[in-house]
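Colleague: only the shape, not the letters, is given here:
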Ligand code: NDP
Ligand code: MG
């Protein structure tokens, strides 16, 4: 029995992780969770799974829940996230929180030797060098949850890194795949939230529409697989059936296929190196699908992806700026304070004014993250 803790249990990845735990009660036990502000869902989870420790975002919510569930231990805020991340009895931490708020708990979990199933890509984008260095030093495994990275991980089982020619990340194209750049002027939040293939949290759905999600995933792949940016390509694949591929020196390409269902990569991270049945997931019927489509990525159409390649290649604090600017700009778009195309304008401004600091430590990362958020907020 593996003991599981989850950061961001009330989110899209968090709730799908609980689906997996429900399906395999004898394989996994939930011991600790963090939630944000969704107390209604938190109450249901506490009643159903009875975790020993629960962290909430706000102090007053912590007091409310304490009086309702006297047997459960409650904590709150950023320190609460860390408490859940290092919870002693947990074997695997599922990091499914959104944004770079996941960085500190991830680093602390690594220092305490936890295996980490990582969905929280912003943490790897903002400080991938610190996370990977800490993981290596502590001999800790970072198991990918993101579907593309899980696909690559699955393709690489039994393969030697030295034989890899390149990684090929597939991209669905997001909500606006079939629109021209001119058509993007004035698109609404509702339209942007309507993803054709995947049902996900609001921030990542907007990231998919701007193609920043793929940019963040390129940086995520760079760190997880120690791969230079020149060897990471993106291919438009509108069906989201091939979740990503690896090309080897002998010209062989290995791909991982499946219906678009995040519970598959979540479960693989939890069951690795084993596989478990997943009866509630739809099987892939290739005869019914008939045809798969592939198309080159139009880099001018999707500027955010380009920004990510540039930020990743330059490195240092530039990916931190990219991520922080994106988080603030996407939140502003979701709150209808800026237009869709202004998201990329703001990120571009933040990147172009920044003097890159090479090999930043954690305090510099935090400083640059904070300063970038203040700058982008001042533009609103
Ligand atoms: P959601 O927005 O659905 O969920 C985010 C979770 O984090 C919620 O539990 C939320 O709590 C909590 N949370 C948000 N802000 C804070 C905060 N400041 N402090 C503490 N908790 C907070 O996100 P997703 O599940 O969509 O995404 C999670 C991560 O996984 C992201 O990094 C995303 O890029 C990645 N990912 C997601 C995929 C998907 O299919 N959704 C696919 C691949 C990667 P509450 O709701 O209670 O307020
Ligand atoms: Mg993905």
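Modeller: Good, I have the coordinates. Here the structure is a predicted model, which is why all the values come from computation and not from measurement. Residues are numbered from 1 along each chain as shown. Ligands and ions are numbered 1, 2, ... in the order given.
Colleague: and the closest residue to ligand 1 within the stretch 151-300 of the chain, how many neighbours does it have?
Modeller: Nearest residue of the stretch 151-300 of the chain to ligand 1 (Cβ to the nearest ligand atom) works out as residue 201 at 2.4 Å. Backbone N, C-alpha and C define where each C-beta goes, glycine included. Residue 201 has 15 neighbours, counted by other Cβ atoms under 10 Å.
Colleague: pLDDT score for residue 52?
Modeller: In this model, residue 52 is scored at 98, pLDDT.
Colleague: about what we covered before: please list all residues in contact with the residue of the stretch 151-300 of the chain closest to ligand 1.
Modeller: Counting by Cβ atoms under 8 Å, 6 or more residues apart in numbering, residue 201 touches 11, 12, 13, 98.
Colleague: again, 6 Å this time
Modeller: Going by Cβ atoms under 6 Å, 6 or more residues apart in numbering, residue 201 touches 11, 12.
Colleague: now it. Its backbone dihedrals?
Modeller: When read as degrees, to the nearest 10, the backbone of residue 201 gives phi -60, psi 160.
Colleague: also the one 4 residues further on?
Modeller: Geometry field for residue 205 lists phi and psi as phi -70, psi -40, criterion degrees, to the nearest 10.
Colleague: that one reaches residue 191, doesn't it?
Modeller: No. Applying Cβ atoms under 6 Å, one finds residue 205 not in contact with residue 191, separated by 11.0 Å.
Colleague: if I pick the residue of the chain at minimum distance from ligand 2, what's in contact with it?
Modeller: Residue of the chain nearest ligand 2, by Cβ to the ion: residue 146 (4.3 Å). By Cβ under 6 Å, 6+ apart, residue 146 lies in contact with residue 121.
Colleague: renumber starting at 41 from here on
Modeller: Sure thing, new numbering starts at 41, so read that last one as residue 186.
Colleague: mind pulling up the phi and psi values for it?
Modeller: Main-chain dihedrals, residue 186, degrees, to the nearest 10: phi -50, psi 130.
Colleague: residues in contact with the host helix or strand of residue 54?
Modeller: Element membership of residue 54 [criterion: DSSP states H and E] is helix 52-63. Contacts with helix 52-63, where a contact means Cβ under 6 Å, 6+ apart, come from 46, 48, 68, 70, 134, 136, 159, 240-241, 302-303, 306-307.
Colleague: can you flag the buried ones in those residues?
Modeller: By neighbour count, with 16 or more other Cβ atoms under 10 Å, the contacts of helix 52-63 hold 46, 48, 68, 70, 134, 136, 159, 240, 302, 303, 306, 307 as buried.
Colleague: in the stretch 191-340 of the chain, which spans are strands?
Modeller: In the stretch 191-340 of the chain, strands defined by DSSP state E, counting those that start in this stretch lie at 204-211, 272-276, 282-288, 293-297, 335-336, listed in chain order.
Colleague: the second one vs ligand 2: in contact?
Modeller: No. Using Cβ under 5 Å from the ion, no contact is recorded between strand 272-276 and ligand 2, whose separation bottoms out at 11.4 Å.
Colleague: can you name the residues in contact with that strand?
Modeller: Here strand 272-276 has contacts from 206-211, 213, 254, 258, 261, 334-335, 337, using Cβ under 6 Å, 6+ apart.
Colleague: one more time with 7 Å
Modeller: 206-211, 213, 254, 258, 261-262, 334-337, 345 (Cβ atoms under 7 Å, 6 or more residues apart in numbering).
Colleague: more neighbours, residue 245 and residue 231?
Modeller: The residue with more neighbours, out of residue 245 and residue 231, is residue 245; 21 against 14, by other Cβ under 10 Å.
Colleague: and the next helix or strand past the host helix or strand of residue 373?
Modeller: According to DSSP H and E, residue 373 maps onto helix 358-374. Counting by DSSP H and E, the next helix or strand C-terminal to helix 358-374 is helix 380-393.
Colleague: next, the angle from that next one to helix 358-374.
Modeller: Using axes from the mean of the first three to the mean of the last three Cα atoms, to 10 degrees, the inter-axis angle of helix 380-393 relative to helix 358-374 is 150 degrees.
Colleague: if we can go back for a sec, got the buried residues for the helix holding residue 54?
Modeller: Neighbour counts using 16+ other Cβ under 10 Å place 52, 53, 54, 55, 56, 57, 58, 60, 61, 63 of helix 52-63 among the buried residues.
Colleague: again, but for stretch 362-379
Modeller: Residues 362-374, 378 are the ones in stretch 362-379 that count as buried (16+ other Cβ under 10 Å).
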